[in-house]
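> show me the folded form of this:
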Amino acid sequence: MNAVFSEGARADFAAAYPDRAAKLSHGLVGHELLTLEALAGLAERMPAACVEYNLGKLPLGVRAEDTPSNGLSLGETIRTIETNGSWAVLKNVERDADYGALLDRALGELAVLVERETGPMLHREAFIFLSSPGSVTPFHMDPEHNILLQIRGEKTMTVFPAGDEELVPAVQSEAFHAGGHRNLDWREGFRDRAMAVTLLPGDALHVPVKAPHFVENGPVVSVSLSVTWRSERSVAEGELHSLNALLRRRRLPTARVGARPEARGVRRLAYRIMRKLGA
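Model prediction:
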C-alpha cells in the first residue's frame with residue numbers, strides 16, 4: 001500500500017508544524033472511498049447532525065443565520081453538485097469503519113512528528129467537503145490541527161496567521177470556545193496578511209489551530225478530505241480562553257493566552273476548578 005504522505009511531504013510538515021501553514025502533497029487521488037457516488041452513499045447513511053449543506057456562492061463575511069438553503073436533499077446535492085451551485089460537508093466520517101481506517105492510515109504516518117512537538121494526537125476526526133464550481137467557504141476558523149487534502153478539482157485556500165487579535169479579537173475567541181459560530185467578521189484590508197494557496201488534486205495544506213481562512217472553489221467540482229486532531233496545546237488554548245471569559249464576566253483581570261498555552265498549568269487548573277464549581 002502506497003504512503004498517503006511521501007517522505008518529502010512529511011519533512012515539509014515537520015518543518016511547519018504546529019504554527020505555520022504549509023503546502024504538502026498526498027497520494028489519495030482516485031481512492032474508491034472518495035468518488036462522488038461513494039460519498040453520496042456515505043452521506044445518506046450518516047446522522048443528520050453530521051451533515052451540513054447550502055448554496056455555495058456566499059459573501060466572505062456571511063452570518064451563519066443568513067446562509068441560504070439549496071432546496072435539495074443531501075444525496076441529490078452530492079450527485080448533482082456539478083450543476084446545483086452548492087457546498088456540503090460530511091462531518092466525523094471516521095465513524096464509518098472504512099473512512100475511520102483511512103483517517104488512521106493518514107494520521108498514523110504523521111503521529112511521531114506531531115508527538116514530539118505537541119504530544120499525542122487526541123480526538124482524531126475526518127471531514128469531507130464537496131463544492132460546486134465557484135463556491136465560497138466564508139472567512140472562519142477551526143479549533144483543530146488540520147490537513148486539507150485536495151482529491152478532485154481546484155480550490156484556492158487563503159490562510160491568515162493564527163493569534164492575530166485584529167483578525168480574531170480575544171472576546172471572539174472566548175465566545176467561540178463557549179460554542180459560538182466559526183464564521184468571522186471580514187474586512188478587505190485583511191487580505192495583505194494572508195497566504196493564498198491553490199490546491200490541485202494531490203496537493204494538501206496544513207492549517208494551524210484557529211488560523212483564519214476562506215476558500216474559493218475553481219471552475220469544476222471540488223472534493224477535499226480534511227484530517228484533524230487535537231493536542232494538549234489546542235486543548236489548553238481553549239481552556240485559557242474559557243477562563244478569560246469567566247474572569248471577564250466578573251470584571252476581573254484577564255491574561256494573554258500566549259504561544260505555549262500548555263505550559264500555563266496554574267491558570268488551566270484554576271479554570272478546571274471554577275468550571276467544576278459551576279462558576
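> can I get whichever strand or helix holds residue 124 in PDB, CA atoms only?
According to DSSP states H and E, residue 124 maps onto strand 122-131. What follows is strand 122-131, C-alpha atoms only, in PDB (Å, rounded to 0.1, in the frame of the first residue of the first chain):
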ATOM      1  CA  LEU A 122      -6.100  13.500  20.500                       C
ATOM      2  CA  HIS A 123      -9.700  13.300  19.200                       C
ATOM      3  CA  ARG A 124      -8.900  12.400  15.600                       C
ATOM      4  CA  GLU A 125     -11.700  13.300  13.100                       C
ATOM      5  CA  ALA A 126     -12.200  13.500   9.400                       C
ATOM      6  CA  PHE A 127     -14.400  15.800   7.300                       C
ATOM      7  CA  ILE A 128     -15.200  15.700   3.600                       C
ATOM      8  CA  PHE A 129     -16.000  18.900   1.700                       C
ATOM      9  CA  LEU A 130     -17.800  19.000  -1.700                       C
ATOM     10  CA  SER A 131     -18.200  22.200  -3.600                       C
END
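> give the buried residues for it.
124-131 (16 or more other CB atoms under 10 Å). The C-beta positions use only the backbone N, C-alpha and C, and glycine is treated the same way.
> so what strands line up beside that strand?
Strand 122-131 pairs in its sheet with strand 86-90 (antiparallel), strand 222-230 (antiparallel), by DSSP bridges.
> looking at the ones you listed, which is nearest to residue 31?
Of all these, it is strand 222-230 that lies closest to residue 31, at 8.7 Å by CB to CB.
> buried sites along the helix or strand following that closest one?
On the C-terminal side of strand 222-230, the nearest following helix or strand under DSSP H and E is helix 232-249. Residues of helix 232-249 classed as buried: 233-247 (neighbour count, 16+ other CB under 10 Å).
> nearest to residue 81 among those residues?
Residue 81 has its nearest neighbour among these in residue 234, at 31.5 Å by CB to CB.
> what sits against that closest one?
118, 143-145, 209 (CB atoms under 8 Å, 6 or more residues apart in numbering).
> how close does it sit to residue 121?
Per CB to CB, to the nearest Å, residue 234 is found 11 Å from residue 121.
> got it, and residue 261?
Taking CB to CB, one finds residue 261 at 17 Å from residue 121.
> the two: who's more crowded?
Between residue 261 and residue 121, counting by other CB atoms under 10 Å, residue 261 is the more crowded of the two (20 against 17).
> farthest-separated two in the contacts of residue 234?
Within the contacts of residue 234, two members stand farthest from each other by CB to CB: 118 and 143, at 13.9 Å.
> neighbour count: those two, which is higher?
residue 118 (23 against 18).
> phi, psi of that one?
For residue 118, the backbone dihedrals are phi -130, psi 10 (criterion: degrees, to the nearest 10).
> ok, of the contacts of residue 234, which one's closest to residue 105?
residue 145 (17.2 Å).
> which intervals of the stretch 51-200 of the chain have sub-threshold pLDDT?
53-72, 74-75, 77, 83-85 (pLDDT under 70).
> how near is residue 9 to residue 199?
13 Å.
> oh, I was asking about residue 236
For residue 236, the distance to residue 199 - CB to CB - is 30 Å.
> what does residue 86 give?
Taking CB to CB, one finds residue 86 at 19 Å from residue 199.
> great, nothing more from me.
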